[in-house]
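J.: Sequence first, predicted coordinates after that:
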Amino acid sequence: MFTKIILPILALAGVLFATYSVVTSSKPKPPADPVAQPALAPFETYIAGSGIVESASENISIGTLIPGVVTDVSVKVGTKVKAGEILFRIDDRELAAQLAIKQAALVTASEELKKLKAQPRAEDLPPAEAKVVEAQANLADVSNQLKLYESVPDKRAVMEDEMSRRRFAVQAAEAKVKGAQADLQRIQAGAWAPDLAVAQAEVASAEAQIQSIRIEQDRRIVRAPIDGQILQVKIRTGEYAPAGALDTPLMMIGNVDVLHVRVDIDENDAWRLKPDRKARASVRGNRDLACDLSFVRIEPFVVPKRSLTGDSSERVDTRVLQVLYSFPRDVIPVYVGQQMDVSIDAPTELQKTK
């Protein structure tokens with residue numbers, strides 16, 4: 001009885017369940033609602049592009065010429081700065097020690113120059129003048145003795161050798177007078193011009209060395225290149241700041257009074273782009289936040305497209321023409337680096353031929 005009644009019933013139930021499963025599973029599933037509604041273009045025909053918000057000055061990556069440990073960070077994210085304001089400092093204690101040594105050398109060279117310029121000293125003149133008077137007195141004495149010997153009527157009374165010694169004594173005394181007078185004139189003339197030139201050169205060299213060290217110190221102070229706002233800070237006091245181009249900049253600054261949108265236009269649509277056409281952008285994720293754009297410029301070099309959306313269907317091998325538009329910062333709440341959907345009024349190929 002089991003095999004004749006129950007098994008056929010179970011088989012029929014299985015067939016009915018399989019039929020029901022196949023029918024229900026073959027029904028098309030309703031599409032899921034999008035996370036955010038796609039942007040709506042206000043133009044009949046248009047070019048669609050993906051844009052990135054950036055500052056009007058472009059986003060400037062801040063680095064340092066000299067690597068080293070950061071001793072002070074003077075700004076934080078969001079700080080508004082003027083061109084030339086200090087952003088952060090690199091350790092310069094070694095240069096400060098060298099500067100102290102060079103400043104001491106400058107003081108020594110300056111004092112040496114001042115000493116040369118102050119010549120002759122008042123204290124040096126009396127001894128030199130006294131030596132002249134002494135030499136003149138000695139000359140007068142030996143000259144008088146020579147005259148006495150020469151005035152003797154009988155030349156035989158005086159030995160020829162004695163007369164020669166007296167004459168030589170007069171010549172020696174005359175030479176001493178000239179020497180003393182020359183020394184007095186040298187003292188009265190002051191410092192020798194070449195000595196002054198050497199001293200001045202030493203002062204100039206010391207000043208140049210000090211200036212060189214101060215320039216090196218200034219190179220360890222990183223300043224704002226423009227008036228703008230700090231967009232990003234990736235360095236802290238005590239961290240080592242490497243020099244050169246970095247994947248992640250130490251700081252980022254930009255002028256955000258007016259914002260720019262850098263729009264990627266597919267190279268296949270580049271011919272349709274006209275600078276005088278209207279453009280409109282909406283915030284990615286909220287199409288109601290939209291604003292009109294003003295044309296800034298076209299960057300004429302077509303570049304490979306970078307994948308911004310992460311969509312697996314996005315062709316990263318496509319080349320794009322980059323176009324910059326601007327809009328006031330306070331029109332819609334957006335931030336630098338945010339994505340926007342951009343629509344640009346453009347004719348179709350048929351409209352262009354007409």
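T.: Now that the structure is in, tell me what you want to look at. Numbering: from 1, shown residues only.

J.: Tell me where the stretch 251-354 of the chain is predicted with low confidence.
T.: 307-317, 348-354 (pLDDT under 70).

J.: now the strands: where do they sit in it?
T.: 251-254, 258-266, 279-283, 286-304, 319-328, 339-345 (DSSP state E, counting those that start in this stretch).

J.: Out of the ones you listed, the one nearest Ala175 is which?
T.: Closest to Ala175 of the strands of the stretch 251-354 of the chain, according to Cβ to Cβ: strand 251-254, at 79.0 Å. No exception for glycine: its C-beta is placed from N, CA and C like everyone else's.

J.: hang on, Glu207 packs against Ala105?
T.: No. Look at Glu207 against Ala105 with Cβ atoms under 8 Å: they stay out of range, at 10.0 Å.

J.: about what we covered before: now the strands of the stretch 251-354 of the chain as TSV including mean neighbour count and distance to Leu40?
T.: Shown next, in TSV, are the strands of the stretch 251-354 of the chain (neighbours: other Cβ atoms under 10 Å; distance: least, Cβ to Cβ, whole Å):
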stretch	mean neighbour count	distance to Leu40
strand 251-254	23	30
strand 258-266	22	17
strand 279-283	23	8
strand 286-304	13	6
strand 319-328	19	18
strand 339-345	22	8
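
J.: Export those to TSV and append columns for distance to Leu87.
T.: Shown next, in TSV, are the strands of the stretch 251-354 of the chain (distance: least, Cβ to Cβ, whole Å):
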stretch	distance to Leu87
strand 251-254	6
strand 258-266	22
strand 279-283	31
strand 286-304	27
strand 319-328	26
strand 339-345	28
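
J.: out of those strands, which comes closest to Asp72?
T.: Asp72 lies closest to strand 251-254 among those, at 13.4 Å (Cβ to Cβ).

J.: before we move on, the earlier item: closest one to Val203 among the strands of the stretch 251-354 of the chain?
T.: strand 251-254 (40.4 Å).

J.: what about that closest one, distance to the chain center?
T.: 13 Å (Cα atoms, centre = their mean, to the nearest Å).

J.: Check which helices and strands that strand sits against.
T.: Counting contacts by 3 or more Cβ pairs under 8 Å, 6 or more residues apart in numbering; DSSP states H and E, strand 251-254 is packed against strand 60-62, strand 86-90, strand 228-233.

J.: go again using 7 Å as the cut-off
T.: With contacts taken as 3 or more Cβ pairs under 7 Å, 6 or more residues apart in numbering; DSSP states H and E, strand 251-254 sits against strand 60-62, strand 228-233.

J.: Would you mind putting those strands into CSV with distance to Ser282, mean neighbour count and mean pLDDT alongside?
T.: Shown next, in CSV, are the helices and strands packed on strand 251-254 (distance: least, Cβ to Cβ, whole Å; neighbours: other Cβ atoms under 10 Å; pLDDT from 0 to 100):
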stretch, distance to Ser282, mean neighbour count, mean pLDDT
strand 60-62, 27, 18, 94
strand 228-233, 23, 20, 95
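
J.: and of these, who's closest to Ala193?
T.: strand 60-62 (51.8 Å).

J.: what residue ranges in the stretch 101-250 of the chain are flagged as low confidence?
T.: 121-122, 124, 146, 148-163, 187-191.
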